[in-house]
Structure formats: C-alpha cells, structure tokens
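**Q** Predicted model and sequence follow; I will ask about them next.
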Amino acid sequence: MTVRRAAVLAAAALTAAACAGGTAPAKPTGPPSPTPQNLGVVVDEAPSLRPLPLGREPLWTQDTKGAVKYISAAALHGDAAVIVGGLRKKETRLVVADAATGKVRWSVGEFGPLRGGGGAVWLDMAYGRSRTPQIVGKGADWGILANYYLTGCRHPTGLCPLGSGPSDETGVALLSGRDGSVRWRLPLVPARTGRAARAANRLRGVLETSGGKIALATVAPSPTGGFGDVRLVAVDVATGRRLWTRSGVQPVMVSGDLVLGRVAGGTGGSRLDLGGGSVVALDAATGRTRWEPSPRMPASLPALAAGNLPMVREVKDGRLGPPLVLDPGTGREIARLPEFVTGCQTDGVSLIACEYSDLRQRRLVTIRLDGREVRVARRELPDATLAAVWRGHVFLDDRHDRGYEVDRSANVLADDLPGEPVALSEGYAIFQGRYSEMPGYSVHRVG
C-alpha cells in the first residue's frame, strides 16, 4: 500500500504546490486597505447570479442506513453518485449509489475482483485531485475509467505485492456505470516473468481528456525518477484501443484539446523537484507537441485550466511566481495574475477564481474563458477558504465547516451551506466538512 500511494505523489504534490492552497489568512484588523491598482479590472456589480437552489434538508448522509460512511472523492452523473470511499472505516471502495437515496447499486473494494474482468482486480491508484472518479459517456451509456491489476501469484492472504508473481499486469479498464462490469481492458504494463517482473514499470494513474474521448495513462518505474523514464499512453475510451505513446512527458492535466505536462528543464532534477521541469502542451488527439516551454520560463508548473485556457506558474529559485494565463494555441502569455494569490480553483469549463491577500485585505480575483481579463472584486471576501467553482458560482468554506457562495463581485449569495462542495450537478450536490477526523457529508437536491 505504501509503494502504491507513493507512486502518485509526484504529480499530486507538484500540482498542489502550483495551486498554492492552504488555510485562510487571519482576518485583517484596522481600516481596510485600498484596492491595489495592479490587480486588474475592479468589479463592483450587483449580484449577477441566484443562489444555488439547494434543498434545505439532505436527501441522505453518512448516517443513512446502507449508505457509504465516508467520502474521499465523488462525481455525479444523472441519478447516480460515483464515490471513492468506504462502507466502513479503514476501507476503500469504488461505489455507485442512487443519488436520491444513497442506496448502493454496486461497489468493488480495493483489490476486489472486477465483474467480467477475467481475474483482474480494482487498483486504487489515484491521489489528490486525480482521485475524482473519471466518468465518460452520456445518458444510460456511461462508464467509469479505472486502473486494474492482474497477477498469477498465489498468496494465503490473496494480496500479492506488485511485481512479485509469475505474472504481473496493470492497465486501464472501462467499467459499466450500470453494473460495474468490464467493457474493455487494456494492459499498459503487460505480464512478465522472472526477473523482468521485478523490474517492470508501474502504472501511475489515469487522466481523461475533455469530451470523454481519450484516456491518458502514465507508466514509469519510479515516482521520483527523471522525465526520461516516463511513458504517456493515450487510449480510445470507446474501444480501449491504444492511440499513441509519448516518452519523456509527465502529464498533469487536460485543458480542452491540450494535454498539459512537464518535460525536463530548469534545474533538470527529478520529477519531484519543483524547479526540475518546464510546461509543455501536447495535442490530445495525436500526442504531437503543440507548443514548447518558453526560453524565458525554463522552470514552470501547470496549475489549473478552464476549458482550453491554461494557467501556469513559473519557478524561480525554488519559489512560485505569479500565475500566468497562456494562449492555448501558442503558449504565449495573455494575462498575469497578482503575485500574492493563493487557493486558485476552477470549474474546468469557463472560470478560474483565486484569492488575493496582503494580510490586510482578502479579495476575489477571477478570469473567464470568454473575456480573458483579470478582474478583482471591490468587496472583501468572507473569512473562509476558496473551495470550488461551478458555473460562475464560487464556494468557500470556513474552519467551522460553514459554507459560503459568492459571485465574481464577491456578493454573498448564501452563507449557510453545509461545508464545501465535493460534487455538483444540475440535480444534486454533495457537501462535506473537512475539519474533523471523520468528516461528515450530506447530499442535497438541486432545483
């Protein structure tokens, strides 16, 4: 388990550093500071959105009989909630539940057999942001991308250390959203025998491109090696067919039809080195380089993306510089956010929101895909941390698990939400507290 968790720390740790989250600064004292002139276009508009039409009473919670007891990550699809969590403590399962009732439709535990998988078991390899279940397809014809493990070893416990058996295969599979059965399975680290099994590369997790057409998997022998050890594989989601392979690129996120990753650059250190790589953009359909790192920015990290609008951070002397928004076609800088912004969040579609703080004021800084203009709210933010963005709504959560909802001008639309949103859709919302040992959650109807 320790080895498997370590395998995905590199990309997760670096992406978390680039996003620069953290707890909310102390509430400023004394008279408010004037709005800094270099933040961007100041907005002070009347409320532009209605509050999320959230049902006051939850449909179900962790205390509902038969429901999952804790949630690590979740996604919503129609009337289904897809959850990585547990039915009891110290358990990790992939669960599909009825979004209205919490009733489990099907689930599979870690190293549990996949239905129709020919002996393959579910391998939970995700970490951090990439832990969110990857849902593809529409309507009733939908599925979930998952990592699997297949081995021929025989062990009394039924658990075999990766690479220890006469055969050791890892890959990506598409599971039916309806019943969890395997629709297709693609080996990315094929079975090997003898010494080759011990030296086999390891699968490092899956990203999904915009539109749910291509899945991206990373294969590398170690989470801490150089960029030359990494192999990026693109897979057709509909058929499970391998589309292209690219070496030397560590993928971090998908931005529209771009794959944003890192290649060797900067200090040239390991993939865990903050300044050891540079941003590169690949065409998701072909794997060809769309644009390469700027010579003026030899060390950099992808941070966030809204649609095809990528945001990166330069690394100088081991420190992160101000967030830069780049043109998706050329990689040229089109906007620069203030240096002292933290906790950036995005809906992945049209809006990036960050918090500016100079210890005397806390303001909302946003940039939209359509406008590409940095805007700063004249109103100060509530004393809470940015938690999520969804369809123009910006959500915050304070240390008492009290949630807020604001618009781009920091108008407070709601101040009594039950924590931070884990997953949102047109029909349902999952909220969770994060400041207790076993955070509770609640599922509400939207609309």
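**A** Good, I have the coordinates. The model shown is predicted, which means the values in this text are computed figures rather than measured ones.
**Q** Run through the helices of the stretch 1-150 of the chain in chain order.
**A** 2-6, 9-19 (DSSP state H, counting those that start in this stretch).
**Q** Those helices: lowest mean pLDDT?
**A** The weakest mean pLDDT among the helices of the stretch 1-150 of the chain belongs to helix 2-6, with a mean of 33.
**Q** Any figure for the gap between Ala74 and Phe111?
**A** Distance, Ala74 to Phe111, by Cβ to Cβ, to the nearest Å: 21 Å. In short, each C-beta sits where N, CA and C put it, glycine included.
**Q** So for those two, which sits in the more crowded spot?
**A** Counted by other Cβ atoms under 10 Å, Ala74 and Phe111 do not tie: Ala74 has more neighbours, with 24 against 16.
**Q** contacting residues around that one?
**A** Ala81, Val82, Ile83, Val84, Gly85, Thr132, Pro133, Val422, Ala423, Ile430 (Cβ atoms under 8 Å, 6 or more residues apart in numbering).
**Q** If I look at Ser409, what pLDDT would I see?
**A** pLDDT at Ser409 comes out at 92.
**Q** dump the residue contacts of it.
**A** Going by Cβ under 8 Å, 6+ apart, Ser409 touches Val43, Asp44, Glu45, Ala46, Pro47, Ser48, Leu364, Ala377, Arg378, Arg379.
**Q** Give me the buried positions along the longest strand seen in the chain.
**A** Using DSSP state E, we find that the single longest strand of the chain is strand 141-151. For strand 141-151, burial by neighbour count (16 or more other Cβ atoms under 10 Å) applies to Trp142, Gly143, Ile144, Leu145, Ala146, Asn147, Tyr148, Tyr149, Leu150, Thr151.
**Q** How about stretch 411-419?
**A** Buried residues in stretch 411-419, counted by 16+ other Cβ under 10 Å: Asn411, Leu413, Leu417, Pro418, Gly419.
**Q** Identify, from those residues, the entry nearest to Leu54.
**A** Closest to Leu54 out of the buried residues of stretch 411-419 is Leu417 (7.3 Å), distances taken as Cβ to Cβ.
**Q** Which positions are bridged to that closest one in the beta structure?
**A** Gly403 (DSSP bridges).
**Q** my guess is Val104 meets Val68, correct?
**A** Yes. Counting by Cβ atoms under 8 Å, Val68 is a contact partner of Val104 at 7.4 Å.
**Q** tell me which element Thr239 is part of?
**A** Secondary structure assignment for Thr239, by DSSP states H and E: no helix or strand.
**Q** Name whatever forms a beta bridge with the nearest residue to it once chain neighbours are set aside.
**A** Excluding its sequence neighbours, the residue lying closest to Thr239 (Cβ to Cβ, 6 or more residues apart in numbering) is Trp184, at 6.7 Å. Per DSSP bridges, the residues bridged to Trp184 are Leu174.
**Q** what do you get for Leu282?
**A** Going by DSSP bridges, Leu282 forms beta bridges with Val259, Thr289.
**Q** can you pull out the strands in the stretch 151-300 of the chain?
**A** Taking DSSP state E, counting those that start in this stretch, the strands of the stretch 151-300 of the chain run over residues 168-176, 182-189, 202-208, 214-220, 231-236, 242-247, 250-255, 258-264, 277-283, 289-291, 300-306.
**Q** In JSON lines: the ones you listed, plus mean pLDDT.
**A** As requested, the strands of the stretch 151-300 of the chain are exported to JSON lines (pLDDT from 0 to 100):
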{"stretch": "strand 168-176", "mean pLDDT": "89"}
{"stretch": "strand 182-189", "mean pLDDT": "92"}
{"stretch": "strand 202-208", "mean pLDDT": "73"}
{"stretch": "strand 214-220", "mean pLDDT": "87"}
{"stretch": "strand 231-236", "mean pLDDT": "92"}
{"stretch": "strand 242-247", "mean pLDDT": "94"}
{"stretch": "strand 250-255", "mean pLDDT": "87"}
{"stretch": "strand 258-264", "mean pLDDT": "88"}
{"stretch": "strand 277-283", "mean pLDDT": "90"}
{"stretch": "strand 289-291", "mean pLDDT": "93"}
{"stretch": "strand 300-306", "mean pLDDT": "87"}
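**Q** tell me the helices in the stretch 251-400 of the chain, going along the chain?
**A** Taking DSSP H, counting those that start in this stretch, the stretch 251-400 of the chain contains no helices at all.
**Q** Low-confidence stretches in it?
**A** By pLDDT under 70, the low-scoring segments of the stretch 251-400 of the chain are 265-276, 359.
**Q** Report pLDDT for Gly78.
**A** In the predicted model, Gly78 carries a pLDDT score of 95.
**Q** circling back: can I get the strands of the stretch 151-300 of the chain in JSON lines including distance to Ala353 and mean neighbour count?
**A** Formatted as JSON lines, the strands of the stretch 151-300 of the chain follow (distance: least, Cβ to Cβ, whole Å; neighbours: other Cβ atoms under 10 Å):
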{"stretch": "strand 168-176", "distance to Ala353": "32", "mean neighbour count": "24"}
{"stretch": "strand 182-189", "distance to Ala353": "35", "mean neighbour count": "19"}
{"stretch": "strand 202-208", "distance to Ala353": "22", "mean neighbour count": "23"}
{"stretch": "strand 214-220", "distance to Ala353": "26", "mean neighbour count": "23"}
{"stretch": "strand 231-236", "distance to Ala353": "30", "mean neighbour count": "21"}
{"stretch": "strand 242-247", "distance to Ala353": "32", "mean neighbour count": "15"}
{"stretch": "strand 250-255", "distance to Ala353": "17", "mean neighbour count": "24"}
{"stretch": "strand 258-264", "distance to Ala353": "19", "mean neighbour count": "25"}
{"stretch": "strand 277-283", "distance to Ala353": "21", "mean neighbour count": "24"}
{"stretch": "strand 289-291", "distance to Ala353": "26", "mean neighbour count": "16"}
{"stretch": "strand 300-306", "distance to Ala353": "9", "mean neighbour count": "26"}
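**Q** Please identify which of the ones you listed is closest to Ser350.
**A** Of all the strands of the stretch 151-300 of the chain, it is strand 300-306 that lies closest to Ser350, at 5.7 Å by Cβ to Cβ.
**Q** Quick check: Arg363 touching Leu386?
**A** No. Using Cβ under 8 Å as the test, Arg363 is too far from Leu386 to be in contact (11.6 Å).
**Q** C-terminal to the helix or strand in which Ala429 is found, what's the next element?
**A** If you go by DSSP H and E, Ala429 is part of strand 428-432. Next along the chain after strand 428-432, taking DSSP H and E as the criterion, comes strand 441-445.
**Q** any common contacting residues for Arg363 and Leu386?
**A** Glu355.
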